[in-house]
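J.: Just a sequence and a predicted model for now, questions to come.
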Number of protein chains: 2
Amino acid sequence: MARLPPVQAVQPTKPLLRTLAGLPAERPPIWLMRQAGRYLPEYRETRARAGSFLDLCYDPELAAEVTLQPIRRFGFDAAILFADILLIPQALGQGLAFRENEGPVLDAIRGAAELTRLNPQGIHARLGPVYEAVGRIRTALPDDCTLIGFAGAPWTVATYMLEGRGSTDHAAAKTWAFGNPAALSSLLAILVEATVSYLDRQVKAGAEVLQLFDTWAGVLPEMEFRRFCVEPVRQIIARMKELHPGVPVIAFPRGAGLYLEGYAAATGADALGLDYTVPLGWARDHLWPKTVVQGNLDPRLLVTGGPALAEGVQRLLRSFGGRNHIFNLGHGIVPETPVRHVEQLVRLVKGTETSV
Amino acid sequence: MARLPPVQAVQPTKPLLRTLAGLPAERPPIWLMRQAGRYLPEYRETRARAGSFLDLCYDPELAAEVTLQPIRRFGFDAAILFADILLIPQALGQGLAFRENEGPVLDAIRGAAELTRLNPQGIHARLGPVYEAVGRIRTALPDDCTLIGFAGAPWTVATYMLEGRGSTDHAAAKTWAFGNPAALSSLLAILVEATVSYLDRQVKAGAEVLQLFDTWAGVLPEMEFRRFCVEPVRQIIARMKELHPGVPVIAFPRGAGLYLEGYAAATGADALGLDYTVPLGWARDHLWPKTVVQGNLDPRLLVTGGPALAEGVQRLLRSFGGRNHIFNLGHGIVPETPVRHVEQLVRLVKGTETSV
């Protein structure tokens, strides 16, 4: 029997993929959470043309356009699909609207019986334009720029589905967690299925890396955190590794603090996004370099700019020396961020501006 | 020269004071943050009689009444003065109102020049009724019940003074922290002075233990956390230890997560309040028993009640075995908490109900 030739491991050439593969780098690759957003005049112009926020998400041409805008302007090492973590609930059949200055509003699920309203089979009909956007973006990207697909982590998505909106105390979701854990698990199982299917399609359309946003990972006691936050993320990553073993997954469990140690091992994530409260020395001692870390400049420091920004950036660069580190913010960029501060940041990280 | 007789160290008899002194106990003392509150029908009745929330804070008779109500009903081991952390800004001269279902509204300080509006000398004129309430409460308390005075920690109070209201991103305060740290330090210095003076008067009026609430301790990067969060608390505690060496101070840096280790040593706090996200095993291994810990049942679990509550309580009791542990919630009790669940909780902690 003829033997197959040995598989030649091809080293990636794109900076983000190299760092995610643990390869050495002169500087960390850089992208910013919510880099396609309202701080950019060209985004505001495109958004106005699209109509509502959701219209923009579901318009492949315009979603691709806003995804590409920050790449053109700043030369980031990665583009992240323009979409929203709440497209999944909407695709499952839950009513969703974005009201200006108010955030998302959903038809809250009031009890376990209402879970039957969700239809996991039908999601792709609505999400087709997202996959089309992924394809358009991938085709248009510069050779060295990586395309990141994403989804919300099930716990975070569930908090919105159960509250019907953003909340500070997550009362509805926690009431399910404590009072009806089986029903919450059913909802999370639906979300795991839908998310795997959604991310699979994103990868098939051209996404090269995936990020799971778990914005509300930091609001649960330990047992509930492990059961409702970690476990669904672990399941999604395990399934994605079966489907697409070569596609790295970045997990961003915001606010997870004392749960961060062991989180990457528990979930199988290839890299761990750190919010801005994570001390750099701690991350270096307890996570890195075994875990590739991403983050974690405070977005408010990017609003402030000037010497304070330069000092913060240099501190972050020095902490990891460019190795197994993806430069990012510790949370999404905020609308009032001056464009020139982002330019300054990119120059600092790329080493074309070093003065403090 | 006649020598003074040796000072006889008198061991405290009140359960909370004994635990804070590191003495053994059969069970942890118990009190609940915001135990005087809207979940109690008698509180709602008294509150309606007083008028506004602030009217209630400044009425010594009624403030004492609502402080004592949960002691009478549940037999907690400690009463905590009924007041608000924003009385200090108001006493300093900042406009303050509480709007129903909206929380506090202050005349936000818009720049460093406006700090001169604050008048640290005049605070006691307005705060007199608070001290009178402390005296009334202390007189009326059962012999085994400890009176806790409190204040907001300067960083948290500053966030409200600069934002003008509660906020989720603390944009204004962080803008000061990054862009004008000297001005923020000036404000924090004013707050340290006012808080020391305020707490000194509370102790003189009868407070036996003090708690510093740092609700927004978990929103800053490390350097800013140490400078703007830890340092003012350290200063307050150092000053209180000079003024009243025998009065224990509990610090509650909510959300401080990865900063909790070393926090008690850095601030001089006698005990550390833990929010509900702090894993019990971690607290046992990294804080306790050297540090007396307080907490940390999720208030939403108290709303849920039933077997889930009983299990959560037993887990918490087992973790510390009654030693160097003050039983409390990991955040304030919420208005929709059924009174019978609080009764169940007290029975479980006091060992008069053990079944799960």
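T.: Arrived safely, thanks for sending.
J.: from here on, contacts and neighbour counts on C-alpha atoms
T.: Will do.
J.: which residue packs closest to the closest residue to chain B within the stretch 251-356 of chain A, ignoring adjacent ones?
T.: When scored by CA to the nearest CA, the stretch 251-356 of chain A has A:T277 as its residue closest to chain B, at 4.5 Å. Among residues not flanking A:T277 along the chain, B:P221 sits closest, at 4.5 Å (CA to CA, 6 or more residues apart in numbering or on different chains).
J.: would you say the residue of the stretch 251-356 of chain A closest to chain B is within a helix?
T.: No - counting by DSSP: H, G, I helix; E, B strand; the rest coil, A:T277 is located in no helix; its state is coil.
J.: Please name the residues that touch it.
T.: The contact partners of A:T277, by CA atoms under 8 Å, 6 or more residues apart in numbering or on different chains, come to A:G255, A:G330, B:G218, B:V219, B:L220, B:P221, B:E222.
J.: could I get the residues you listed as JSON lines with distance to B:G152 and neighbour count?
T.: Shown next, in JSON lines, are the contacts of A:T277 (distance: CA to CA, whole Å; neighbours: other CA atoms under 10 Å in any protein chain shown):
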{"residue": "A:G255", "distance to B:G152": "22", "neighbour count": "27"}
{"residue": "A:G330", "distance to B:G152": "27", "neighbour count": "25"}
{"residue": "B:G218", "distance to B:G152": "15", "neighbour count": "21"}
{"residue": "B:V219", "distance to B:G152": "16", "neighbour count": "22"}
{"residue": "B:L220", "distance to B:G152": "17", "neighbour count": "21"}
{"residue": "B:P221", "distance to B:G152": "20", "neighbour count": "19"}
{"residue": "B:E222", "distance to B:G152": "20", "neighbour count": "19"}
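J.: can I get these in CSV with distance to A:N296 and pLDDT?
T.: Compiled in CSV, these are given as follows (distance: CA to CA, whole Å; pLDDT from 0 to 100):
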residue, distance to A:N296, pLDDT
A:G255, 12, 96
A:G330, 4, 98
B:G218, 15, 96
B:V219, 13, 96
B:L220, 12, 97
B:P221, 9, 96
B:E222, 11, 96
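J.: Closest to B:V334 out of these?
T.: B:G218 (20.6 Å; CA to CA).
J.: Would you confirm that that closest one contacts B:A256?
T.: Yes - the criterion here is CA atoms under 8 Å, and B:G218 meets it with B:A256 at 4.5 Å.
J.: Tell me the pLDDT of the residue of the stretch 251-356 of chain A closest to chain B.
T.: Looking at A:T277, its pLDDT reads 97.
J.: related to what we said a few turns ago, so which of the contacts of A:T277 belong to helices?
T.: Those of the contacts of A:T277 mapping onto helices are B:E222, per DSSP state H.
J.: need the contacts of A:T277 in JSON lines with distance to B:E42, can you?
T.: Output for the contacts of A:T277, formatted as JSON lines (distance: CA to CA, whole Å):
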{"residue": "A:G255", "distance to B:E42": "37"}
{"residue": "A:G330", "distance to B:E42": "45"}
{"residue": "B:G218", "distance to B:E42": "34"}
{"residue": "B:V219", "distance to B:E42": "36"}
{"residue": "B:L220", "distance to B:E42": "39"}
{"residue": "B:P221", "distance to B:E42": "42"}
{"residue": "B:E222", "distance to B:E42": "43"}
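J.: Now intersect the contacts of A:T277 with the strands, please.
T.: Secondary structure defined by DSSP state E assigns none of those to strands.
J.: What is the neighbour count of A:T13?
T.: 12 (other CA atoms under 10 Å in any protein chain shown).
J.: ok, now which ones touch it?
T.: Contact analysis of A:T13 by CA under 8 Å, 6+ apart lists A:D144.
J.: Spell out which parts of chain A neighbour chain B.
T.: Contact residues, chain A versus chain B (CA under 8 Å from any CA of the partner chain): A:168, A:171, A:174-175, A:178-179, A:218-222, A:257-258, A:276-280, A:298, A:300-301, A:303-304, A:308.
J.: quick one: A:A83 is in a helix?
T.: No - counting by three-state DSSP, A:A83 falls outside a helix, being coil.
J.: Can you read off the pLDDT for the nearest residue to it once chain neighbours are set aside?
T.: Nearest residue to A:A83, sequence neighbours excluded (CA to CA, 6+ apart): A:C57, at 5.2 Å. For A:C57, the pLDDT comes out at 98.
J.: Please apply the same query to the one 4 residues further on.
T.: Predicted confidence (pLDDT) for A:E61: 98.
J.: Hmm, it is touching A:G135, no?
T.: No - taking contacts as CA under 8 Å, A:E61 lies outside contact range of A:G135: 10.3 Å.
J.: Give me the contact list for the lengthiest helix in chain A.
T.: For chain A, the helix that runs over the most residues, judged by DSSP H, is helix A:181-205. With contacts defined as CA under 8 Å, 6+ apart, helix A:181-205 is touched by A:88, A:112, A:115, A:120, A:123-124, A:130-132, A:134-135, A:149-151, A:154-155, A:158, A:176-177, A:209-210, A:228, A:232-233, A:235-236, A:239-240, A:243-244.
J.: run the last query once more with 7 Å
T.: The contact list for helix A:181-205, computed with CA atoms under 7 Å, 6 or more residues apart in numbering or on different chains, reads A:112, A:115, A:120, A:131, A:134-135, A:149, A:151, A:154-155, A:176-177, A:232, A:236, A:239-240.
J.: Could you pull up the mean pLDDT of stretch A:24-41?
T.: Here the average pLDDT along stretch A:24-41 is 97.
J.: What sits closest to the residue of the stretch 51-200 of chain A found nearest chain B if chain neighbours are left out?
T.: Relative to chain B, the nearest point of the stretch 51-200 of chain A is A:G179 (5.7 Å; CA to the nearest CA). Leaving out its chain neighbours, the residue that sits closest to A:G179 by CA to CA, 6+ apart is B:T304, at 5.7 Å.
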